[in-house]
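K.L.:
Sharing a model prediction with you, sequence too.
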Amino acid sequence: MGRASVLLALLHLLLLLGTVRCSDGVCAQLIRPLGYPCSEHTVETKDGFLLSVQHIPHGRVALGEKTGPPVFLQHGLFQGGDTWFVNSVEESLGSILADNGFDVWVGNVRGTRWSYGHVTLSENDKAFWDWSWQELAQYDLLAMITYVYSATNSKVFYVGHSQGTIMALAAFTMPNVVRMIEAAALLCPISYLDHISSSFVLRAVGMHLDQMLLTVGIDQLNFRSDIGVQILDSVCDGQVDCNDLLSAITGKNCCFNVSRLDYYLEYEPHPSSTKNLNHLFQMIRTGTFAKYDYGLLQNLITYGRFYPPAFDLADIPASLPIWMGYGGSDALADVTDVQRTIEELRSEPELLYIDKYGHIDFIMSVNAKDDVYGELIRFFRSQGWPSSY
Ligand SMILES: *[C@@H]1O[C@H](CO)[C@@H](O)[C@H](O)[C@H]1NC(C)=O
């Protein structure tokens, strides 16, 4: 049995067992058992979503009264805040930052199992899934960063992976967000997606999976559901070599711990919205980094113009220090697209390129602590890190 079949079989098994325990938060399930202090916070967005944010004020050993500078971790698509803690404490970025004296805050966007609440809507309402990464940037990121900024009375170091970098690059064009950011580290940075080489994603784009799902009224994309697994099967169906499903989706990951797969699958994948997939596929089809495209007429009503306005990377202030880690084997954050992002920024980001790294390696490689996180922490320390720490 290839790795894909293993992955699919495990997903099927999870459906049967229903092992998802979402009553406890990430703190109780994952972070406190590792030996870290952790508290759960609820942040309400402007449009009524209730997001969970975890706070890890220090590492396994407390450093007295002093609290380090706040760092906010933003996960990617189909992932949740758990993603920063699922390797060992020596390997995971969340625990490494806490042990290095940072005041760690973990974001969870709407639709993930940790952020399933809304003041009026339930997950069964169509409106609960009526959003894309645009709302994640404009509402979720704004609300969570504002919360951390107010709670700590300090500018915030930002770490994002994949969709967490799309959100950041969109939100950092907004003066009310970027004023709260000290510096940003972007892992697998994405603003353009038109050179994507993922065979699985290209096949899904080619068969108009996004529009098909919206047409039949599947608004939630949940690969832990029966429908979700059928969707995966239908994309693979004789067209894509899904023997190694993860590689088919993300590109080959050099240093991912395959024997830990069943543990990762206890937490991931998380749900997202079909509209979000649709927005991402629009980026692939059109080569733009723009707001959601509703079609000519609805665009005119929504934006006052026929085409959705683009996010202009040149609107991100040159004074914001940015660091980027990207990989030559990443089939989603393609090197050509990353180059274009870099060119359009007004600042000159510091870059870490790792030829053999794929999309998942940057968060889950067993060597990331040596290959990536040491550099990331050095960068943060070189920016506004008070010498007393
Ligand atoms: C890989 O995962 C297995 C199972 O959790 C674990 O025992 C092993 O230590 C991990 N290997 C590395 C290098 O982290």
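P.N.:
Ah, there it is. Note that the structure is a prediction, hence the values are computed from the model and not measured.
K.L.:
Sort out which residues of stretch 312-330 are buried, please.
P.N.:
313, 316, 320-327, 329-330 (16 or more other Cβ atoms under 10 Å). For every residue, glycine as well, the C-beta is placed using N, CA and C.
K.L.:
List, one by one, the residues from this structure near the ligand.
P.N.:
The chain comes close to the ligand at residues 88, 91, 257, 259-260, 263, 366, as judged by Cβ under 6 Å from any ligand atom.
K.L.:
The residue most central in space within the chain - nearest residue in space that isn't next to it in sequence?
P.N.:
Closest to where the C-alpha atoms of the chain average out (Cα atoms, centre = their mean) is Gly76, at 1.5 Å. Leaving aside its chain neighbours, Gly76 sits nearest to Ser162 (3.2 Å; criterion: Cβ to Cβ, 6 or more residues apart in numbering).
K.L.:
if we can go back for a sec, most widely separated two among the buried residues of stretch 312-330?
P.N.:
Farthest apart among those by Cβ to Cβ are Leu320 and Ser329. That separation is 28.3 Å.
K.L.:
export the host helix or strand of Met144 as CSV, just CAs?
P.N.:
Counting by DSSP states H and E, the element that carries Met144 is helix 142-152. This file holds the C-alpha atoms of helix 142-152, laid out as CSV (Å, rounded to 0.1, in the frame of the first residue of the first chain):
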residue,chain,number,x,y,z
LEU,A,142,-7.2,42.0,12.6
ALA,A,143,-9.1,40.8,15.6
MET,A,144,-6.5,38.3,16.8
ILE,A,145,-3.5,40.7,16.4
THR,A,146,-5.5,43.5,18.1
TYR,A,147,-6.2,41.2,21.0
VAL,A,148,-2.5,40.3,21.4
TYR,A,149,-1.4,43.8,21.0
SER,A,150,-3.8,45.1,23.6
ALA,A,151,-3.1,42.2,26.0
THR,A,152,0.7,42.7,25.9
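K.L.:
circling back to that earlier point, the residue nearest to Gly76 contacts Ala331, doesn't it?
P.N.:
No. Ser162 lies out of contact with Ala331 (Cβ atoms under 8 Å); the separation is 11.7 Å.
K.L.:
Need the overlap of contacts for the two.
P.N.:
His359 (Cβ atoms under 8 Å, 6 or more residues apart in numbering).
K.L.:
higher neighbour count, these two?
P.N.:
Ser162 (27 against 22; other Cβ atoms under 10 Å).
K.L.:
can you tell me which residues contact that one?
P.N.:
Ser162 makes contact with 76-77, 187-188, 190, 332-333, 359 under the criterion Cβ under 8 Å, 6+ apart.
K.L.:
Cross the residues you listed against helices and list the overlap.
P.N.:
Judged by DSSP state H, helices contain none of the contacts of Ser162.
K.L.:
Do I have it right that Glu123 meets Ser225?
P.N.:
No. With contacts defined as Cβ under 8 Å, Glu123 does not count as touching Ser225, sitting 11.5 Å away.
K.L.:
Let me see the ranges of the helices in the stretch 101-250 of the chain.
P.N.:
Secondary structure of the stretch 101-250 of the chain by DSSP state H, counting those that start in this stretch: the helices cover 133-135, 142-152, 163-171, 175-178, 199-206, 209-215, 226-236, 245-250.
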